[in-house]
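Colleague: Below is the sequence, then the predicted model.
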Amino acid sequence: MTNLNSLVKVSDSNAYKWRLVIAYDGTRFAGWQYQESPPTIQSMLEKALIQITELERKELHLIGAGRTDAGVHAWGQVAHFVTPFNYTSLDSFHAALNGLLPKDIRVRELSAAVPEFHARFSAHSKVYRYQIYNDTFMDPFQRHWAYHCAYKLNASKMREAANLFVGMHDFSAFANATREDGLPDPLKTISRFDVIQMGSLLQLEVEGSGFLYRQVRNMVALLIQIGKEALDSDIVPMILETKDRRVLAKYTSLPAPPHGLCLVSVKYKEDHLKLPLDCPVTSFGRHHTITKCKLPFY
């Protein structure tokens, strides 16, 4: 592997900040948040970064945009970390990082970031997608990325109910209790909640300013009950109005399973996405090419 120290430019600046866009299959991981055991996405990334940068974990300050649960996937998770030195090129760093990571985690993009950028606090919205495979039997190729529902779901009723989540609401009734974030602000704005039918696959895609702990999976669980026609869509504003998780539990006791959920993208303030001065070019990965064919064609 290339000695990446040769690509480093030492500076008197206190720190350089770097932004990662990460995709992962969360099936075998205990979520994003760092744990020594079992493995998490953050712990695997930190292990690779420590090996490449030769820095300690506390020096890297790796922070993700959201703490996805065990079994939840991501296509557009975002994180940042810092180093006390600059890099003149990111392509080799990017290749080395993916070379050290397991095959179910991939860094899609690596770029420099301005000091103001923060993977979590600079975000103005997040997009999540929940997939339901709605047929009598489960497609084996979808089993890790979609929840199987053998009951015939009424997508039109689910779409009608999903639209009632749009707007600014207190989502306390759709949040599971957590000690990690103290008392988070329950007021969140949902800008869209689409229900898209693609044959047997039903995609529920929601974009919002932020989400409380297990909020998306709890909303989906209620929409599934509405899709089964066990509940009417007007149950949504009624439950929102109560601001009480115990009321939701009367209609659906458990959140939708984690493996159907994927963090699709995180959107940021434009000024926080600007590249700093004197920074290397953003790396999207390198294509391998063959300049000369070694085998003749007949």
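Modeller: Structure's in. What do you need? Only a predicted model underlies this, so the values are computations on that prediction, with no experimental measurement involved.

Colleague: shouldn't residue 193 be in contact with residue 167?
Modeller: No. Between residue 193 and residue 167 there is no contact under C-beta atoms under 8 Å: 10.1 Å. Backbone N, C-alpha and C define where each C-beta goes, glycine included.

Colleague: The two: who's more crowded?
Modeller: For residue 193 versus residue 167, neighbours defined as other C-beta atoms under 10 Å are more numerous around residue 193 (21 against 11).

Colleague: Point out where the stretch 51-200 of the chain drops to low pLDDT.
Modeller: 179-183 (pLDDT under 70).

Colleague: Now do the strands in it.
Modeller: Here the stretch 51-200 of the chain has its strands, by DSSP state E, counting those that start in this stretch, at 63-64, 73-83, 85-87, 105-113, 123-133, 147-148, 167-170, 187-198.

Colleague: out of those, which comes closest to residue 41?
Modeller: strand 105-113 (6.2 Å; C-beta to C-beta).

Colleague: between that closest one and strand 73-83, how big is the angle?
Modeller: 40 degrees (axes from the mean of the first three to the mean of the last three C-alpha atoms, to 10 degrees).

Colleague: Return the distance of strand 105-113 from the chain's centre.
Modeller: Its chain's average C-alpha position is 14 Å from that of strand 105-113, according to C-alpha atoms, centre = their mean, to the nearest Å.

Colleague: what sits up against it?
Modeller: Residues from elsewhere that reach strand 105-113, judged by C-beta atoms under 8 Å, 6 or more residues apart in numbering: 16-25, 41, 44-45, 76, 80, 90, 93-94, 97-98, 101, 272, 275-276, 279-280, 282-285.

Colleague: can you do 6 Å?
Modeller: 17, 19-24, 44, 80, 90, 94, 97-98, 275-276, 279, 282-284 (C-beta atoms under 6 Å, 6 or more residues apart in numbering).

Colleague: Give me the buried positions along that strand.
Modeller: Neighbour counts using 16 or more other C-beta atoms under 10 Å place 105-113 of strand 105-113 among the buried residues.

Colleague: Also stretch 41-56?
Modeller: Buried residues in stretch 41-56, counted by 16+ other C-beta under 10 Å: 41-46, 48-50, 52-53, 55.

Colleague: likewise stretch 62-71?
Modeller: Across stretch 62-71, burial judged by 16+ other C-beta under 10 Å covers 62, 64-71.

Colleague: Next: stretch 129-142.
Modeller: Of all the residues in stretch 129-142, those buried under the rule 16+ other C-beta under 10 Å are 129-134, 142.

Colleague: farthest-separated two in the residues you listed?
Modeller: Farthest pair in the buried residues of stretch 129-142 (C-beta to C-beta) is 129 and 134. Separation: 15.2 Å.

Colleague: quick one: what helix or strand has the nearest residue to residue 34 once chain neighbours are set aside in it?
Modeller: The spatially closest residue to residue 34, leaving aside those adjacent along the chain, is residue 42, at 4.4 Å (C-beta to C-beta, 6 or more residues apart in numbering). Applying DSSP states H and E as the criterion places residue 42 in helix 41-53.

Colleague: what are the C-alpha coordinates of that helix, in CSV please?
Modeller: This file holds the C-alpha atoms of helix 41-53, laid out as CSV (Å, rounded to 0.1, in the frame of the first residue of the first chain):
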residue,chain,number,x,y,z
ILE,A,41,-20.0,1.3,11.4
GLN,A,42,-18.2,4.0,13.4
SER,A,43,-15.9,1.6,15.0
MET,A,44,-14.9,0.0,11.7
LEU,A,45,-14.3,3.4,10.1
GLU,A,46,-12.2,4.6,13.0
LYS,A,47,-10.1,1.4,12.9
ALA,A,48,-9.3,2.1,9.3
LEU,A,49,-8.6,5.8,9.8
ILE,A,50,-6.3,5.1,12.7
GLN,A,51,-4.3,2.7,10.6
ILE,A,52,-4.0,5.2,7.7
THR,A,53,-3.4,8.5,9.6
